[in-house]
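Participant: Need coordinates for the below:
(one chain, ligands or ions: 3)
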Amino acid sequence: MTTSPKTLARRRRHLMDLAEPDSILVVPSARERLRNGDSYYPFRQDSDFLYLAGFEEPDAVLVLIPGRDAGEQILFCRERDPERERWDGPRLGLDGAREQLGMDDAFPIADLDEILPGLMEDRDHIYHSVGRDPAFDRQVIGWRNQLRKQKRNARSPEEFIALDHLLHELRLIKSSQEIAAMRRAAKISAQAHRRAMQVCRPGLGEPDLAAELMYEFTRHGCPPAYLPIVAGGRNALVLHYVKNDQPLPDDGLVLIDAGCEYAGYAADISRTFPVSGRFTPAQRKIHDLVLAAQRAAIDKVRPGNAFDEFHAAACRMLTEGLIELGLLAGSLDENLAQQSYRRFYMHKTGHWLGLDVHDVGDYRIDGHPRVLEKNMVTTVEPALYIGDDDDIPAEFRNIGVRIEDDIRVTDGAPENLTGAVPAAADEIEALMQS
Ligand code: GLY
Ligand code: MN
Ligand code: MN
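Facilitator: Ligands and ions are numbered 1, 2, ... in the order given. Model prediction:
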């Protein structure tokens, strides 16, 4: 899926409308990063740049100049070069940037230092991602200083402003095209989880299930959106477990947290299921409780509710259940006031999802939790991580369960983008036996 030049140009105009009129906005592509020798890490475009430029290549800089009649959307990028393209693959080039990305003009990236200072003339403010990449910060300051040196009497930018806030507010609300890409990432990721459940049986290891996930992503041309977690048994208690190299416990659970990226947009799904295909009564109790908390939380993902409300709903349900199971003592109110659930549940219930897995956008505005609006997308991912301390009944020790779905805020009922993976214990068992 490529974004149309019209849509890209509209996004850039929208951003310029939000910026100060006498400003210039500068957005760099991601850099290629050397792994060793002449091998590179897989290239992933910078999400801000991808959103605005729709351009997958490195060595590029987008410049936006609000209020300038001619050439206000300018891309600096690599020129066509048959010799280099033989080694590294095709480049879009300057004509391609104008035609396929909707740019007003395009210049060779090699001319950036020469041209950019002049584009800053008569501008008062420079917007860029202040502080994200110190080398780029120095370049931006250098271009401004070069202008001052070259033209002593020219009006030049005095103020450097972080672009993040303006741009990330735009990225937070997804367009119908973006939602379509997210549905596709969700669908492929859901297939991968279903595949892992169907293949799983005693005797396999974490790498076997990791391979099944990657097989499903790769055959759809999608990279993983983050390092997958395939955590058998007590490995599920390590929140960022990514080694995925251990045997699976025959009678234990396996927690999988994995999602792919389609057209840059991420899915982020967690499921926890029994390696044997049958939950033990204790595993089922914990799993049912996390699922009840997730359902209560998802129901709060509605326009007009504060972002914090679904976390609060999950914590309340988990606390009630933990008291019922004897894992917490005392009254519901006392436990909620003391947040004693944190012994078993130490993270938040969700985060924005989009081009980044932990997507951009403020969670609080002027000190208050943000109110949900249509076409925001958030994960809802309650969990319980129960260790093996002496005071924990033996049947519950070393059980880690997380259930995570990707939820779109609609006008009314929440839309679960990842509901195609069974979440209820009975449905998981049915799929595993099929
Ligand atoms: N996969 C990262 C997360 O769930 O936040
Ligand atoms: Mn998540
Ligand atoms: Mn996740």
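
Participant: how close does residue 203 get to ligand 3?
Facilitator: 27 Å (C-beta to the ion, to the nearest Å). Quick note: C-beta positions are derived from backbone N, CA and C, even for glycine.

Participant: Surely that residue is within a strand?
Facilitator: No: secondary structure of residue 203 (DSSP: H, G, I helix; E, B strand; the rest coil): coil, not part of a strand.

Participant: quick one: contacts for it?
Facilitator: residue 250 (C-beta atoms under 8 Å, 6 or more residues apart in numbering).

Participant: Same check on residue 154?
Facilitator: Applying C-beta under 8 Å, 6+ apart, the residues near residue 154 are 121-122, 147-148.

Participant: Turn those residues into JSON lines, columns for pLDDT, neighbour count and distance to ligand 1.
Facilitator: Shown next, in JSON lines, are the contacts of residue 154 (pLDDT from 0 to 100; neighbours: other C-beta atoms under 10 Å; distance: C-beta to the nearest ligand atom, whole Å):
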{"residue": "121", "pLDDT": "95", "neighbour count": "14", "distance to ligand 1": "44"}
{"residue": "122", "pLDDT": "94", "neighbour count": "13", "distance to ligand 1": "44"}
{"residue": "147", "pLDDT": "96", "neighbour count": "21", "distance to ligand 1": "43"}
{"residue": "148", "pLDDT": "95", "neighbour count": "14", "distance to ligand 1": "45"}
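
Participant: Sort out which of the residues you listed are in helices and list them.
Facilitator: 147-148 (DSSP state H).

Participant: possible to save the contacts of residue 154 as JSON lines with distance to ligand 3?
Facilitator: Supplementary listing: those in JSON lines, determined by distance: C-beta to the ion, whole Å:
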{"residue": "121", "distance to ligand 3": "47"}
{"residue": "122", "distance to ligand 3": "47"}
{"residue": "147", "distance to ligand 3": "46"}
{"residue": "148", "distance to ligand 3": "48"}
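
Participant: Closest one of the contacts of residue 154 to ligand 2?
Facilitator: In terms of C-beta to the ion, no member of these lies closer to ligand 2 than residue 147, at 43.8 Å.

Participant: what residues are up against that closest one?
Facilitator: If you count contacts by C-beta under 8 Å, 6+ apart, residue 147 has them with 117-118, 120-121, 154, 156.

Participant: Show the contacting residues for the nearest residue to residue 4 once chain neighbours are set aside.
Facilitator: Closest residue to residue 4 apart from its sequence neighbours, by C-beta to C-beta, 6 or more residues apart in numbering: residue 102 at 7.9 Å. Counting by C-beta under 8 Å, 6+ apart, residue 102 touches 4-6, 8-9, 73.

Participant: again, 10 Å this time
Facilitator: Contact analysis of residue 102 by C-beta atoms under 10 Å, 6 or more residues apart in numbering lists 3-12, 53-54, 73, 75.

Participant: Near ligand 3, which residues of the chain? Just list them.
Facilitator: With C-beta under 5 Å from the ion as the criterion, the chain meets ligand 3 at residues 257, 268, 404.

Participant: in the stretch 201-350 of the chain, which spans are helices?
Facilitator: Chain-ordered helices for the stretch 201-350 of the chain, with DSSP state H, counting those that start in this stretch as the definition, fall at 206-219, 281-298, 307-324, 332-338.

Participant: how about those in a markdown table, adding mean neighbour count, distance to residue 360 and mean pLDDT?
Facilitator: A markdown table is the format used below for the helices of the stretch 201-350 of the chain (neighbours: other C-beta atoms under 10 Å; distance: least, C-beta to C-beta, whole Å; pLDDT from 0 to 100):
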| stretch | mean neighbour count | distance to residue 360 | mean pLDDT |
| --- | --- | --- | --- |
| helix 206-219 | 19 | 23 | 98 |
| helix 281-298 | 20 | 22 | 98 |
| helix 307-324 | 21 | 14 | 98 |
| helix 332-338 | 13 | 31 | 98 |
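
Participant: Strands of the stretch 301-434 of the chain, start to end?
Facilitator: 364-365, 368-369, 377-380, 383-386, 399-402, 405-408, 415-416 (DSSP state E, counting those that start in this stretch).

Participant: same deal with the stretch 101-250 of the chain?
Facilitator: Under DSSP E, counting those that start in this stretch, the stretch 101-250 of the chain gives strands at 105-108, 125-128, 159-162, 229-232.

Participant: Nearest to residue 26, out of these?
Facilitator: Nearest of these to residue 26, taken as C-beta to C-beta: strand 125-128 at 4.6 Å.

Participant: outside of the closest one, which residues touch it?
Facilitator: 15-16, 18-28, 48, 61, 64, 66, 120, 136-137, 139-141, 143-144, 156-167.

Participant: Can you dump the C-alpha atoms of stretch 75-90 in CSV for me?
Facilitator: C-alpha atoms of stretch 75-90 as CSV (Å, rounded to 0.1, in the frame of the first residue of the first chain):
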residue,chain,number,x,y,z
LEU,A,75,12.6,17.0,-0.8
PHE,A,76,16.3,16.5,-0.8
CYS,A,77,17.1,12.9,-1.8
ARG,A,78,19.5,10.7,-3.7
GLU,A,79,19.7,11.2,-7.4
ARG,A,80,19.3,8.3,-9.9
ASP,A,81,22.6,6.5,-10.4
PRO,A,82,22.6,3.3,-12.5
GLU,A,83,26.0,2.2,-11.1
ARG,A,84,24.9,2.5,-7.5
GLU,A,85,21.4,1.1,-8.3
ARG,A,86,23.0,-2.1,-9.6
TRP,A,87,24.3,-2.7,-6.1
ASP,A,88,21.6,-1.3,-3.8
GLY,A,89,18.4,-1.4,-5.9
PRO,A,90,16.3,1.3,-7.6
